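>>> no sequence on this one, just coordinates:
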Ligand code: GAR
């Protein structure tokens with residue numbers, strides 16, 4: 001069975017969404033370890049509550065970025081990890097980790113990439129004045145929030161939105177599309193070709209649209 005390693009810096013609600021997807025039997029995988037770069041990250045609490053090993057690895061104890069990510073790669077390899085998930089991990093991943101896990105590192109970002117990468121994607125979208133924003137799950141390359149896109153969800157921006165209200169609306173969709181992308185990976189249905197993600201046995205590209213029915217809701221299509 002696929003063993004997952006999760007890297008997080010803070011609250012860990014996406015980490016929790018993956019845990020819940022596994023517990024519900026939707027994702028056929030197990031989480032081998034959580035690695036945090038920040039002491040006191042709430043994600044650690046979630047790991048404890050779910051019997052998942054948590055490692056704190058701060059970059060300040062390493063000579064340089066490459067050493068740091070090489071050590072993270074070793075810790076993941078030691079535990080037989082086959083998929084690495086960035087779940088609110090606020091660092092650009094170093095080459096040693098990407099080389100150890102080619103197209104096996106995924107990230108979730110709170111914007112429709114390639115728009116608004118980096119910190120505060122939701123605020124960037126608000127400040128720009130877009131009518132639609134959303135979230136993106138993608139495989140990670142050496143850039144900041146770049147790499148082949150797996151799933152996106154479009155989320156409307158309301159005229160009276162604040163950063164908090166928009167972030168909350170987007171987060172609900174993050175918690176849908178991240179477990180979905182992991183499920184597809186665990187089922188061996190994702191392939192990267194020419195920098196695009198092919199989804200096996202899926203007729204249309206994987207995206208989420210808001211259901212226009214008055215009851216609301218959403219559908220993966
Ligand atoms: C999420 O909104 C995630 O998309 C974002 O950080 C938040 C972490 O929340 N990630 C990025 O901005 C990556 N550039 P969480 O800790 O509750 O999952």
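Alright, I've got the coordinates. Nothing here was measured: the structure is a model prediction, and the numbers come from that model.

>>> any weak-confidence spans in this protein?
203-221 (pLDDT under 70).

>>> Alongside the ligand, which residues does it contribute?
8, 10-14, 87-88, 108-110, 121, 145, 171, 174 (C-beta under 6 Å from any ligand atom). All C-beta spots, glycine's among them, are computed from the backbone N, C-alpha and C.

>>> Identify the residues contacting residue 148.
103, 138-139, 141, 192, 195-197 (C-beta atoms under 8 Å, 6 or more residues apart in numbering).

>>> Now do residue 65 against residue 104, distance only.
According to C-beta to C-beta, to the nearest Å, residue 65 and residue 104 sit 20 Å apart.

>>> neighbour-wise, which of those two wins?
Between residue 65 and residue 104, counted using other C-beta atoms under 10 Å, residue 104 has the larger neighbour count: 20 against 15.

>>> The residue of the chain found nearest the ligand: how many residues sit nearby?
Using C-beta to the nearest ligand atom, residue 88 is the residue of the chain that sits closest to the ligand, at 2.6 Å. By the criterion of other C-beta under 10 Å, residue 88 has 23 neighbours.

>>> same thing with residue 21?
20.

>>> List the buried residues for the lengthiest helix in the chain?
Secondary structure assigned by DSSP state H gives helix 163-186 as the longest helix of the chain. Across helix 163-186, burial judged by 16 or more other C-beta atoms under 10 Å covers 166-167, 169-171, 173-186.

>>> picking that back up, let me have the contacts of residue 148 in a markdown table, extended by secondary structure and neighbour count.
Shown next, in a markdown table, are those (DSSP: H, G, I helix; E, B strand; the rest coil; neighbours: other C-beta atoms under 10 Å):
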| residue | secondary structure | neighbour count |
| --- | --- | --- |
| 103 | coil | 16 |
| 138 | strand | 23 |
| 139 | strand | 23 |
| 141 | coil | 18 |
| 192 | strand | 16 |
| 195 | coil | 10 |
| 196 | strand | 10 |
| 197 | strand | 23 |
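
>>> Now the terminal residues of stretch 18-34, how far apart.
12 Å (C-alpha to C-alpha, to the nearest Å).

>>> Fine by me, thanks again.
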